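Whatever this is, show me its structure:
(2 chains)
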Amino acid sequence: MSRDIGDVILDVNNISLRFGGVKALSDISFDVREHEIRAIIGPNGAGKSSMLNCINGVYTPQQGQITFRGQTFSHMDSHQVAVMGVARTFQNLALFKGMSVLDNIMTGRNLRMKSNLFMQAIRLGPAEREEIAHRKRVEEIIDFLEIQPYRKTPVGQLPYGLQKRVDLGRALALEPQVLLLDEPMAGMNVEEKQDMCRFILDVNDEFGTTVVLIEHDMGVVMDISDRVVVLDYGKKIGDGTPDEVRNNPEVISAYLGTGH
Amino acid sequence: MAFFLETLLGGLMAGMLYSLVALGFVLIFKASGVFNFAQGAMVLFAALAMARFAEWVPAATGLQSMLLVNLIAFALAAGVMFIVAWLIERMVLRHLVNQEATTLLMATLGITYFLEGLGQTLFGSDIYKIDIGMPKEPVMAFESVFEGGILINQEDLIAALIAACLVALLSLFFQKTSTGRALRAVADDHQAAQSIGIPLNRIWVIVWCVAGVVALVAGMIWGSKLGVQFSLATVALRALPVVILGGLTSVPGAIIGGLIIGVGEKLSEVFLGPYVGGGIEIWFAYVLALLFLLVRPQGLFGEKIIDRV
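Modelled structure (predicted):
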C-alpha cells in the first residue's frame, strides 16, 4: 500500500499527568503524521485513554505541550479542539441515547450550522437549505457506514456493534482532520471487527483523515497501523512500525510478562 | 351534564396553569439533568419584575397605552431573567460541571433563597398586581347544546391559549433547531457533547434563559389571577406532582400531567368531596404523585432509566 504520509500534524511533547499520587502518564512524547494511522497500545491501565483525553482536552496534563498544526498548547479546550478539527469516539459508548441515529449524527454538524435559531424554528429559506445540505452530508455518512435501515431508530435500541458505528458517524460528521478512536473494536465479534477495520481504512483512505487509534486487539493493530506507540504503566516503552514494535523485547515482556 | 362539563373545563384550564410552571422544571432537567428547585423563586422574581416595570414605565415615560406598557414591561422583565440566567451559569453552574446531581440540586436550593431575597430587595415586598387586560367576567357557551349553557372563565381560557402557544413554540425549538438538538445532546451526555464541539456553558445559559421566560409567562398569568406576592413562589410546589406524573424529561408529559391533575382536583372535589367532607383539592395531586412514585417512578412519559452494567 503506497500512501503519501505527510508532515507532523499532531506533536505530543513530554506529557505528564497525575491524579493525586497516581502517575497516569509520565513524560510521554510522540508525533502523528498527516494521513497516517497511528496506534496507541498497551496493557490495561497503561494510560492509553488518559493520553487521548489529554489530546481531546478532557484532562489537563501537569506538564508538557501538545502541538496541533503548528499551534502549541499546554491545555487543550474540548470545544476548541472540536473547532480545530479533532473528533473522537468513546471507549464506553457516549451516544445520545434518546435521540435517533440521524439526530445523533446531525449533532456532529452543529458546529457548522450558521443560520440562527428563529430562522431554523420557522424553517425560513436559507435555514431550510442549510439543514438540507447538512442532512445530505449526514446521509452520505450513513451510507458509508451502512446503517441506512436504522436512521430513525433511537440509538439506545441498537445492538452494540451498530452503536459503535453511530459513534464513529457522529465523529465523522465534524469532517475532522484528526480522528481519535478509543477502542473502536472493544467487545465486538470477529465479523464486526472486520467491518470496523474496513471503515477505519476507508475513512483514512477516502477522506485522508489522520487516525489515532487505541486498541487491544494486537492482530488488528498490526494489520492496519502505520506506526505504533506502546505504553505501559504510563511510560512509553516502544514506538515504531508494527514490525519494530513486535520485536521490541520491552514490549514483549510487558505483554507476556518476564520470567522471574 | 352541563355542570360536569363546566367542572371539567375549569379543571383543564387550571391544569394548563400548573403545566406552565411544570414546563420550567422539565426544560432545565431535560437539558442539564438538574432538578431546578429555584423554579418557583424564578416565577416570583419574574412576576415581581413584570409588575414593577409596568408601574415604573408609565411613571418614567408618561406612556398611556396599556398594551405598550405591558409589552415594554414584559420585554424588560425578560431581559432581567436573561441576566439572572447568565449570572447563575457564571457564578454557580460553571463551577459545578460534572458534579453529582445532588450537589446541583442543593445549589439550586441556595439560588431559591437568594432569588426570593433579591427579588423583594429590588422590587419591594408588597402585594402588586399585574393587569394585562384579561377579561375577568365569565361567558356563556354552548347555550344551544345545553339548557343554560356552560359558564367559561375567559381569563382561564386566554391563559390556557397562551400556555398552548408556548408549548408549541418550545416543541419547535427542541425538535427543529440545531440548538434544540444540542440541548438534547447535552442532557444525554456532557462529555460526548463537548467532544463534538457543543459549548456546554453557552447551552446552559440558553436553557436557563428559556426557563426564565417560561417562568415569566407563568408568573404573569398567575400574578394577574392571584396578585403578585411572596406566596407565588409556592406555586412551584403545586407543579411538583405534575412533573412526577408526567415525567421529568417530557414536555408533553408536563402538559398532560398538568391537565390530569387540574381535572382530577376539580372533579374529585365536586363529586367525591361531599362524601369525605371536602378539601380533596388540597391533597389530591400529592396523593396521586405518591401513587405514581410507587408504581411508575419515571412518570407517564418520562424516559425509563436503564443502566447497562
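
CA atoms for contacts and neighbours, from now on please.
OK.

Give me the number of neighbouring residues for residue 189.
Using chain A. A:Asn189: 10 surrounding residues under other C-alpha atoms under 10 Å in any protein chain shown.

The intended chain is chain B.
Residues near B:Asp189, counting by other C-alpha under 10 Å: 16.

For it, give me the backbone phi and psi.
Backbone torsions of B:Asp189, given as degrees, to the nearest 10, read phi -160, psi 110.

residue contacts, it?
A:94-96 (C-alpha atoms under 8 Å, 6 or more residues apart in numbering or on different chains).

Report the entries of these that also contact chain B.
Counting by C-alpha under 8 Å from any C-alpha of the partner chain, A:94-96 from the contacts of B:Asp189 sit close to chain B.

And what about whatever residue of the stretch 51-200 of chain B ends up closest to chain A, helix, strand or coil?
Here the residue of the stretch 51-200 of chain B nearest chain A is B:Gly197; by C-alpha to the nearest C-alpha that distance is 4.4 Å. What DSSP: H, G, I helix; E, B strand; the rest coil gives for B:Gly197 is coil.

Could you report the separation of it from A:Val83?
Per C-alpha to C-alpha, to the nearest Å, B:Gly197 is found 6 Å from A:Val83.

and if you look at A:Leu52?
From A:Leu52 to A:Val83 the distance is 17 Å (C-alpha to C-alpha).

out of those two, which sits in the more crowded spot?
Neighbours were counted for A:Leu52 and for A:Val83 using other C-alpha under 10 Å; A:Leu52 has more, 21 against 18.

so when I look at that one, I'm seeing a helix, right?
Yes - secondary structure of A:Leu52 (three-state DSSP): part of a helix.

my read: it touches A:Leu179, true?
No - contact criterion C-alpha atoms under 8 Å: A:Leu52 and A:Leu179 do not qualify, at 10.6 Å.

next one: phi and psi at B:Thr28?
That one is not Thr; residue B:28 is Ile. Here B:Ile28 shows phi and psi, under degrees, to the nearest 10, equal to phi -70, psi -40.

cool, and B:Val139?
phi -120, psi 160.

what's in contact with the one helix or strand B:Leu122 maps to?
Per DSSP states H and E, B:Leu122 falls inside helix B:101-123. Contacts to helix B:101-123, defined as C-alpha under 8 Å, 6+ apart, come from residues B:33-42, B:44-45, B:48-49, B:52, B:92-93, B:96.

just checking, next helix/strand downstream of it?
strand B:139-141.

Partner strands of whatever helix or strand comes next after that next one, with direction?
Helices and strands here follow DSSP H and E; after strand B:139-141, the next one along the chain is strand B:150-152. Sheet partners assigned to strand B:150-152 using DSSP bridges are listed as strand B:139-141 (antiparallel).

Tell me the gap between the strand it pairs with and the middle of its chain.
28 Å (C-alpha atoms, centre = their mean, to the nearest Å).

Tell me how many other residues surround residue 13.
Let's take chain A. Neighbour number of A:Asn13 under other C-alpha under 10 Å is 18.

looking at chain B here, not the other one
26.

Check A:Ile237 too.
18.

Now the host helix or strand of A:Val221 - C-alpha only, CSV.
Assigned by DSSP H and E, A:Val221 belongs to helix A:218-224. Once non-C-alpha atoms are left out, helix A:218-224 reads as follows in CSV (Å, rounded to 0.1, in the frame of the first residue of the first chain):
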residue,chain,number,x,y,z
MET,A,218,-2.9,-6.9,18.5
GLY,A,219,-3.8,-8.5,15.2
VAL,A,220,-5.9,-5.6,14.2
VAL,A,221,-3.4,-3.0,15.3
MET,A,222,-0.5,-4.7,13.5
ASP,A,223,-2.6,-5.0,10.3
ILE,A,224,-3.9,-1.5,9.9
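
next helix or strand past that helix?
strand A:227-232.

and the following helix or strand past that following strand, what other elements does it pack with?
Following strand A:227-232 in sequence order, the next helix or strand is strand A:235-240 (DSSP H and E). If you count contacts as 3 or more C-alpha pairs under 8 Å, 6 or more residues apart in numbering or on different chains; DSSP states H and E, strand A:235-240 packs onto strand A:22-33, strand A:227-232, helix A:249-256.

Run through the helices of the stretch 201-309 of chain B in chain order.
B:235-246, B:251-267, B:273-276, B:280-295 (DSSP state H, counting those that start in this stretch).

and these, which one is worst for confidence?
Sorting those by mean pLDDT places helix B:273-276 lowest, at a mean of 81.
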